[in-house]
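Colleague: Dropping a prediction and its sequence here:
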Amino acid sequence: MKRVIVNGALGKMGSEVIKAVSREPDMQVVAGVDPAISTMSRNSYEGLDFYSELEEAVNAANPDVVVDFTVPSAVMDNIRLCMDKGVRMVVGTTGITAEQVDALKAIVNRDDWAVLIAPNFAIGALLMMRFAQEAAKYFANVEIIEYHHRQKKDAPSGTAIKTAEMINQVFNGIQPDAPEHGEILAGARGAKSGGVHIHSLRLPGYVAHQEVIFSSPGQLLTIKHDSTHRESFMPGVILAIRKIDTLTGVIYGLEQLLW
Ligand SMILES: NC(=O)c1ccc[n+]([C@@H]2O[C@H](COP(=O)([O-])OP(=O)(O)OC[C@H]3O[C@@H](n4cnc5c(N)ncnc54)[C@H](O)[C@@H]3O)[C@@H](O)[C@H]2O)c1
């Protein structure tokens, strides 16, 4: 039975992970961690041992895996802590930059440890990124629009950044904006990753959605994915928990386990 700690356990994703792990026969949640628990003044919540500090939970609960869905400002410290303790990790928290992933790879100093960092655990989103990379070979213009709920703490989304990186790996050249398309209001053309424009919408009612729009003269191709419920991420999270002890080092992207 694989012993799992859920970090960020009171959050939207963390609480979904607790439910998903609890449904599996070969794994169990042994503790939840969330600083918000201290304001609730209890150390057990819905029958689960709860901690406000990850280190305390790791010392007490002897986990095989820590699953992290917390905040961009905390996640790197959480990864370093788990590396020091030799506890493997599945990280869904977004806002981790490519430079941080490279820096992490450089400091991993043990071969009995692994962290899988996945900006998106939904299979449909991974396929969207894969199809977008394929389409990028044939089009000279592309822009990304991503839509998320209002509470999301990072922009653009990790999925949008990763999609742009994958497009940039194969892209033959982006048509520059015509000079007359200069911004009248700053930010009107969105953020840029290697020349790919990314537009981030934050509105109540959305969960996680993305469109990748390609164009060439006379045609448009739109590749779109919608996560309408956080359940969409759970099969990917469960797969990662199941496979993490067969991996070593820093693995970026769930697709590394899929194809
Ligand atoms: N990879 C994916 O497929 C995927 C999908 C959806 C969301 N996300 C990402 O997951 C993260 C969490 O999203 P959410 O919607 O659940 O957010 P949320 O705000 O609902 O939950 C975050 C939780 O983390 C807790 N927290 C804050 N600091 C902490 C710390 N230092 N240690 C432990 N817990 C801490 C908060 O109290 C909160 O309960 C975000 O970065 C989001 O972008 C990833």
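Modeller: All right, it came through fine. Residues are numbered from 1 along each chain as shown.
Colleague: Please count neighbours and contacts with C-alpha atoms only from this point.
Modeller: Noted.
Colleague: Point out the residues in the stretch 1-150 of the chain that sit beside the ligand.
Modeller: Counting by CA under 6 Å from any ligand atom, the stretch 1-150 of the chain comes close to the ligand at 7-8, 10-14, 33-36, 69-72, 74, 92-94, 118-121.
Colleague: which residues in the chain form helices?
Modeller: For the chain, applying DSSP state H gives helices covering 12-22, 54-61, 72-85, 98-107, 123-135, 158-170, 234-243.
Colleague: Deepest in the core, which of the ones you listed is it.
Modeller: helix 158-170 (a mean of 21; mean count of other CA atoms under 10 Å).
Colleague: Which strands and helices lie in contact with it?
Modeller: With contacts taken as 3 or more CA pairs under 8 Å, 6 or more residues apart in numbering; DSSP states H and E, helix 158-170 sits against helix 123-135, strand 141-148, strand 191-193, strand 196-202.
Colleague: What about Arg23, how many residues nearby?
Modeller: 11 (other CA atoms under 10 Å).
Colleague: Which pLDDT does the model give it?
Modeller: Note for Arg23: predicted pLDDT of 97.
Colleague: Can you list phi and psi of it for me?
Modeller: phi -80, psi -10 (degrees, to the nearest 10).
Colleague: Using a markdown table, please lay out the helices and strands packed on helix 158-170 together with mean pLDDT.
Modeller: Below are the helices and strands packed on helix 158-170 laid out as a markdown table (pLDDT from 0 to 100):
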| stretch | mean pLDDT |
| --- | --- |
| helix 123-135 | 97 |
| strand 141-148 | 96 |
| strand 191-193 | 92 |
| strand 196-202 | 97 |
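Colleague: Least confident secondary structure element in this protein?
Modeller: Counting by mean pLDDT, DSSP states H and E, the chain has its least confident helix or strand at strand 44-45, which shows a mean of 66.
Colleague: residues contacting the closest residue to the ligand within the stretch 101-250 of the chain?
Modeller: Residue nearest to the ligand within the stretch 101-250 of the chain: Asn120 (3.3 Å; CA to the nearest ligand atom). The neighbours of Asn120, taking CA atoms under 8 Å, 6 or more residues apart in numbering as the test, are 92, 126, 158-159, 233, 253-254.
Colleague: what's the answer for His148, then?
Modeller: Per CA under 8 Å, 6+ apart, neighbours of His148: 200-204, 206-209.
Colleague: Apply the buried test to those residues and list what passes.
Modeller: Buried subset of those (neighbour count, 16 or more other CA atoms under 10 Å): 200-202, 206-209.
Colleague: Quick one: end-to-end distance for stretch 57-73.
Modeller: 19 Å (CA to CA, to the nearest Å).
Colleague: Apologies, that question was intended for stretch 168-186.
Modeller: 24 Å.
Colleague: Show me what the closest residue to Leu201 other than its chain neighbours bridges to in the sheet.
Modeller: Spatial nearest neighbour of Leu201, chain neighbours left out: Tyr147 (4.7 Å); criterion: CA to CA, 6 or more residues apart in numbering. Beta-bridge pairing for Tyr147 (DSSP bridges): Leu201, His209.
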